[in-house]
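Asker: Here is a sequence with its predicted model. Questions after.
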Amino acid sequence: MRTVMVIGGLCLVLTLMLTPCAWAKNESIKIGLNIPLTGDIPKVGEGSKCAAEMVKDQVRSQGGIKVGSKAYDVEFIYEDNESKAESATATAIKLITQDRVLGIIGPQSSKQAIPAGEICNSYKTPMISPWSTNPQTTLDRPYVFRGCFLDAFQGPVVANFATREFKANKAAVLYDIASDYPKGLAEFFKQAFEKLHGPGSVVAFETFTTKDRDFSAQLTKIIKTDADFLFAPQYYDEVPLIAKQAHELGWKKPIMGSDSWGSAELMNLCGDDCKGLFFTAHYAAAGAKGATKAFIDSYKQKYGYVPDDVAALTWDSIWLMLKAIQNTGGLTGNIDKDRDAIKDQLAKIRDFEGITGNMTFTPEGDPSKCTVVVKINQNGEFEFYQSVCP
Amino acid sequence: MDIQSFFQNLINAMQWGSFYALIALGYTLVYGVLLLINFAHGDIFMVGAYIGFFVATFLLGSYAFHLPMVLPPHLVFIVTLLITMILTAGVGVTLERVAYRPLRRKGAGRLYIVITALMAGLILENGNLALLGASRRAFPDLIEKAVYTIGGVTFTNIKIIVILAALGVFVLLEAIVRKTKIGMAMRAISYDRVAVPLMGIPIDTVIVFTFILGSSMAALAGVLFVSAYPVLEPYMGAMIGWKAFIAAVVGGIGEIRGAFVGGFVLGFIEIFVAAVFPSTFRDLIAFGILLLFLSLKPTGIFGVARAQKI
């Protein structure tokens, strides 16, 4: 009995040794994901992980990724940063020094991406933050890139879109002067719009302060001007009040917003008053076409819900990283050299076709990409309306 | 500012001032009777808005357990108002029973009761936050919105209802306090809290009645407020509560006329400052004016100086 087992075992070992395909698995490219799987925003981490798993499936189904003449598998290492800045830096160091990844995707929020970017830059490891919109994340850091547009970038986009779509020559702005994001965006918009239509074309530049509920005085002023549209770069809890009060005071022209509108909560709070309005966004699930639609469909099939913008941006960021790795023309195996080469290739990427728009990196590591303008349709869904380039 | 804008802002200010007036009323009633500044009043306003939200969504049949028949929305609005006022009055009375009465019985100084009121307000806010979470809620549209434009001035039926409600409440309360027996008792207690019980006036009943009046007015303000500004959040009562308190002081706290005039004055100043200057100047100018006014007449517009008994 025992001899039979030994012989059987030996035979098995022999067959395995003689059939190389059983162990000639591709070498793998290691990419780290520094994402919030727990903490305040676990949903963001979950979306990122799901997107990465989908990339992995796709790479596997096409038989690995070709770098130079060799095919590689992709291996993702998911590390939880608990949505904390200090954990994000520790996670980045672990991924760089222990796991020895070629590049890092994430962290997602600026709060973690800014400190983690510092680490990646000083360890000379390429990093792409898919979701961080704060300029500091990539500022003076050649190794750090991002997958989304900057806050400032939406200003010119809105100005262009309104000029073309509403035939607007004059604009009104209503924003919260006590909050950084709306204030910055309102000023960038004013700059861009006045560049197109000359000084004084922003006929009303009205402000309020956080927690205000009544905007009737400001809106009365805006309505008295002959502005062609109203730009309100506000958050989803103020937008319903602004839209409703504007309509009650007799405003019938378009109202436009920024990516801060893009929350599922908006339509719960706003109802009919927001239907037919526009805002800029990273991507729109409803009415998506082509590769974006394919991504949304397979994500929905696999995980049972429509992916949000983080998942789409993570998908794009990973492919950006893989594209840069391919563009190096072959990995040397010396990890420092390879990381450097990937960084150089990332900076050179032109017209990368992502599902959230075409991207070209500027020297600062920020993509110049087309923004999606979303229209809120009559069913209250965020519908893809147009892709607008700066 | 041209004449059209002026009248438009006048209507805006009437609506905004109405809310201050309705809330200021609760401060003034309680102060008039107890000489207590009920700092929880702004949060009772918030609780009123939430109760209104749940009553309205219940009546509209949003929950598994609902009414056998479907009510038309304007009827829902009226029923919501009534039920909300009753329930919120219950909250106010409970607050008085749990927080203020024990202290009064023990003869604690007014300072301690005021601190208790501040804490009660924070408990209401944070209790709401813990129970219902920070996510915003949208108040359903109960009144079919109609927009009227007369001579370039645009207003809605909700604005009219709010302004009429504030005026109606003013007339009603003046009548209660001036013409009825319980009103007379309220005035008497504020006059001399030691002598009045000796005359056989049930002081606790009168105090409970005062809280019922104040809280139900806060509930009315709450439901009307979320009808006009339909986003509910746990901290919605804090700022407007403080400002209404200031309005009550400016009007002369303890005087019903004072609360109304003070509320409207504050509403007018806020709207017109925002209409002329950048909005960052609004609170600065508004409260600067009020401070100047108080330093000239510390008892407020209608207030009478009363001798402090030590």
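Answerer: On my side now, so go ahead.
Asker: so B:Thr299 sits in a helix?
Answerer: No - counting by DSSP: H, G, I helix; E, B strand; the rest coil, B:Thr299 is not part of a helix but coil.
Asker: buried stuff in the helix or strand encompassing A:Cys50?
Answerer: Following DSSP states H and E, one finds A:Cys50 within helix A:42-61. By neighbour count on 16 or more other CB atoms under 10 Å in any protein chain shown, the buried set for helix A:42-61 is A:44-52, A:54-56, A:59. (Each C-beta comes from the backbone N, C-alpha and C, glycine too.)
Asker: And stretch A:319-329, by the same measure?
Answerer: Buried, per 16+ other CB under 10 Å, within stretch A:319-329: A:319-326, A:328.
Asker: Closest one to B:Asp43 out of these, please.
Answerer: Comparing the buried residues of stretch A:319-329 against B:Asp43 with CB to CB picks out A:Leu320 as the nearest, at 50.2 Å.
Asker: Now do the same contact list for that closest one.
Answerer: Applying CB atoms under 8 Å, 6 or more residues apart in numbering or on different chains, we find A:Leu320 in contact with A:128, A:145, A:147, A:346, A:349, A:352, A:354, A:359.
Asker: hmm, try it at 6 Å
Answerer: A:Phe352 (CB atoms under 6 Å, 6 or more residues apart in numbering or on different chains).
Asker: outside of stretch A:146-157, which residues touch it?
Answerer: With contact meaning CB under 6 Å, 6+ apart, stretch A:146-157 is reached by A:128-133, A:135, A:138, A:184-185, A:188-189, A:192, A:258, A:280, A:282, A:313, A:316-317, A:366, A:369, A:371, A:388, A:390.
Asker: average pLDDT for that stretch?
Answerer: Stretch A:146-157 comes out with an average pLDDT of 85.
Asker: Low-confidence stretches in the chain?
Answerer: Looking at chain A here, since you left the chain open. Within chain A, the set of residues satisfying pLDDT under 70 comprises A:1-6, A:8-25, A:390.
Asker: The chain in question should be chain B.
Answerer: Residue ranges of chain B with pLDDT under 70: B:305-310.
Asker: for the helix holding A:Cys50, the distance to its chain's centre please.
Answerer: 14 Å (CA atoms, centre = their mean, to the nearest Å).
Asker: do that helix and chain B meet?
Answerer: No - applying CB under 6 Å from any CB of the partner chain, one finds helix A:42-61 separated from chain B by no less than 14.0 Å.
Asker: how about the helices in chain A?
Answerer: Here chain A has its helices, by DSSP state H, at A:2-18, A:42-61, A:85-93, A:110-122, A:154-165, A:180-197, A:216-224, A:239-248, A:264-270, A:290-303, A:309-327, A:335-348.
Asker: Could you dump those helices into TSV with distance to B:Arg104 added?
Answerer: As requested, the helices of chain A are exported to TSV (distance: least, CB to CB, whole Å):
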stretch	distance to B:Arg104
helix A:2-18	88
helix A:42-61	49
helix A:85-93	50
helix A:110-122	49
helix A:154-165	57
helix A:180-197	47
helix A:216-224	42
helix A:239-248	40
helix A:264-270	42
helix A:290-303	60
helix A:309-327	55
helix A:335-348	71
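Asker: mind checking which of these is nearest B:Val249?
Answerer: helix A:216-224 (23.7 Å).
Asker: got the angle between the closest one and helix A:239-248?
Answerer: Counting by axes from the mean of the first three to the mean of the last three CA atoms, to 10 degrees, helix A:216-224 points 50 degrees away from the direction of helix A:239-248.
Asker: got the residues of the stretch 101-250 of chain B near chain A?
Answerer: So the stretch 101-250 of chain B meets chain A at B:136, B:138, B:154, B:156, B:229, B:231, B:239 (CB under 6 Å from any CB).
Asker: quick revisit: out of the buried residues of stretch A:319-329, which comes closest to B:Leu67?
Answerer: A:Trp319 (54.4 Å).
Asker: Can you name the residues that contact that closest one?
Answerer: With CB under 6 Å, 6+ apart, A:Trp319 has no contacts at all.
Asker: what do you get if the cut-off is 7 Å, keeping everything else the same?
Answerer: When contacts are counted by CB atoms under 7 Å, 6 or more residues apart in numbering or on different chains, A:Trp319 is found next to A:55, A:354.
Asker: Residues in contact with the longest strand that chain A contains: which ones?
Answerer: In chain A, assigned by DSSP state E, the strand with the most residues is strand A:70-80. The contact list for strand A:70-80 (CB under 7 Å, 6+ apart) reads A:26-38, A:49, A:52, A:55-56, A:59, A:63-65, A:91, A:94-95, A:99, A:101.
Asker: same thing with stretch A:87-99?
Answerer: Contacts of stretch A:87-99 (CB under 7 Å, 6+ apart): A:30, A:32, A:34, A:77, A:79, A:81, A:101, A:104, A:107, A:112, A:115-116, A:119-120, A:123, A:125.
Asker: do that again at 8 Å, thanks
Answerer: Taking CB under 8 Å, 6+ apart as the rule, stretch A:87-99 contacts A:30, A:32, A:34, A:77, A:79-81, A:101, A:104, A:107, A:112-113, A:115-116, A:118-120, A:123, A:125, A:127.
Asker: Over to stretch A:163-175?
Answerer: A:159, A:162, A:182-183, A:185-186, A:189-190, A:193, A:196-197, A:201-208, A:215, A:218-219, A:222, A:225-234, A:242, A:253-254, A:278, A:386.
Asker: near chain B, which of these show up?
Answerer: Among the contacts of stretch A:163-175, proximity to chain B is found for A:206-208, A:218 (CB under 8 Å from any CB of the partner chain).
Asker: which of the residues you listed count as buried?
Answerer: Buried by 16+ other CB under 10 Å: A:206-208, A:218, out of those.
Asker: Looking at these, spot the one nearest A:Asp176.
Answerer: For those, the nearest to A:Asp176 is A:Phe208 (5.9 Å; CB to CB).
Asker: can you pull the contacts of the closest residue in space to that closest one that isn't next to it in sequence?
Answerer: In this structure, A:Phe208 finds its nearest non-sequential neighbour in B:Ser279, 4.8 Å apart by CB to CB, 6 or more residues apart in numbering or on different chains. Neighbouring residues of B:Ser279 by CB under 8 Å, 6+ apart: A:177, A:206-209, A:212, A:217-218.
Asker: from the residues you listed, which two are the most distant?
Answerer: Most distant of the contacts of B:Ser279, by CB to CB, are A:Ile177 and A:Ala217, 14.4 Å apart.
Asker: Compare the two and say which is more crowded by neighbours.
Answerer: Remark: of A:Ile177 and A:Ala217, A:Ala217 carries more neighbours, 25 against 15, as counted by other CB atoms under 10 Å in any protein chain shown.
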